[in-house]
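quick one, structure for this:
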Amino acid sequence: MLNNKTIAAIIPVLNEEETISLVLNDIPGDLIDEVVVIDNGSTDRTPQVVKEWGATLLNESKKGYGYPCLKGIEYLKMSKPDIVVFLDGNYSDYPTEIIKLVEPMVNEGYDLVCGSRVLGEAEEGSLRVPVRFGNWLATVLMRLFYGFKYTDVGPFRAVKFDKLLTLDMHDNLGWTIEMQVKAVRCNFKIKEVPVSYRMGTGKSKFTGDVKGIAIVGYRIIRAIILNLFYRPVW
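Modelled structure (predicted):
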């Protein structure tokens with residue numbers, strides 16, 4: 001808790017028994033009020049590790065990234081935290097840097113704060129070719145179509161929960177882009193902060209650079225086009 005603000009963390013996971021305990025152990029307990037882990041069909045001990053640690057465990061059968069996040073958001077509607085933080089379960093993000101995301105929200109009134117691996121320190125080899133290509137394509141298109149200069153579309157971010165609900169999130173493959181462009185459309189006060197990034201010890205979701213680039217490119221273009229038709233509902 002920071003300045004009496006309640007803060008929850010959402011972590012989607014899939015077969016990350018080797019890393020999720022590292023993530024959970026590094027989350028600052030004096031800052032985060034509840035950790036919600038959404039398992040996306042793990043076949044290893046990931047759910048057991050989460051239960052042993054004491055985090056809230058949810059299950060989402062529909063595969064992807066957005067669906068588990070949406071499950072976590074639906075659950076948090078009961079407690080209505082002031083701020084929700086999103087991070088990965090493969091230990092590529094630095095949970096200890098959550099404070100970098102939430103401080104600008106509490107002290108400066110930002111609605112969405114995105115961690116930028118491009119502005120921060122990324123371990124050599126951690127930002128692979130598909131990721132770098134995806135960042136370049138997404139940020140160029142968002143600047144062109146939405147007029148906002150982002151440097152990264154990584155998942156490590158914090159957003160005011162009430163503001164998040166107004167975005168009516170629903171995308172699965174282009175989740176992070178959907179949030180960023182809708183935030184621009186809704187005139188959110190947005191900031192990027194430098195964050196660190198490492199290889200992590202989880203398995204890559206892509207099998208190779210060529211295939212990875214094709215997948216990333218499709219997801220980005222799809223998300224950009226679909227959200228061109230989005231109109232804020234107040």
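
measure the spatially most central residue of the chain to Asn90 for me?
The centroid of the chain falls nearest to Pro155 when counting by CA atoms, centre = their mean (2.8 Å). To Asn90, Pro155 is 10 Å away according to CB to CB, to the nearest Å. From N, CA and C alone the C-beta is placed, and that goes for glycine too.

what's the answer for Phe133, then?
20 Å.

spatially nearest residue to Ala158 (excluding sequence neighbours)?
Leu101 (3.8 Å; CB to CB, 6 or more residues apart in numbering).

ok but the one you found is inside a strand, no?
No: Leu101: not assigned to a strand; according to DSSP: H, G, I helix; E, B strand; the rest coil it is helix.

isn't it right up against Phe156?
Yes: proximity of Leu101 to Phe156 meets the contact threshold set by CB atoms under 8 Å, at 7.4 Å.

returning to that earlier point: count of neighbours near the residue nearest to Ala158?
By other CB atoms under 10 Å, 25 other residues sit near Leu101.

quick check: bridge partners of Lys160?
Ile83 (DSSP bridges).

and Cys37, what helix or strand is that in?
No, residue 37 isn't Cys; it's Val. Using DSSP states H and E, Val37 sits within strand 34-39.

I'd like the next helix or strand past that strand.
Past strand 34-39, the next helix or strand by DSSP H and E is helix 46-53.

counting by contacts, list what the helix or strand of the chain with the lowest mean pLDDT packs against.
Least confident helix or strand of the chain, by mean pLDDT, DSSP states H and E, is helix 209-226 with a mean of 78. Judged by 3 or more CB pairs under 8 Å, 6 or more residues apart in numbering; DSSP states H and E, helix 209-226 is in contact with helix 129-146, helix 175-185.

output the below-cut-off pLDDT ranges for this structure.
Within the chain, the segments meeting pLDDT under 70 span 201-210, 212, 233-234.

same thing but at 80, please
1, 200-216, 229-234 (pLDDT under 80).

who touches Met199 in this structure?
Ser92, Glu123, Gly125, Ser126 (CB atoms under 8 Å, 6 or more residues apart in numbering).

the last one against Ser196, yeah?
Yep, that's Ser126 we're talking about. No: in this structure Ser126 lies outside contact range of Ser196 using CB under 8 Å: 9.5 Å.

show me what contacts the residue nearest to Ala158?
Val85, Val113, Gly115, Phe156, Arg157, Ala158, Val193, Val195.

so what strands line up beside the helix or strand containing the second one?
What it means is Val113. Take DSSP H and E as the rule and Val113 turns out to sit in strand 112-116. Using DSSP bridges, the strands paired with strand 112-116 are strand 157-160 (antiparallel), strand 190-194 (parallel).

distance between it and the chain's centre?
Here the centre of strand 112-116 is set off from its chain's centre by 9 Å, with CA atoms, centre = their mean, to the nearest Å.

contacts for it?
93, 97, 100-102, 104-105, 150-152, 154, 156-160, 163, 179-180, 183, 188-195.

now with 6 Å?
101, 104-105, 151-152, 156-159, 183, 188, 190-192, 194-195 (CB atoms under 6 Å, 6 or more residues apart in numbering).
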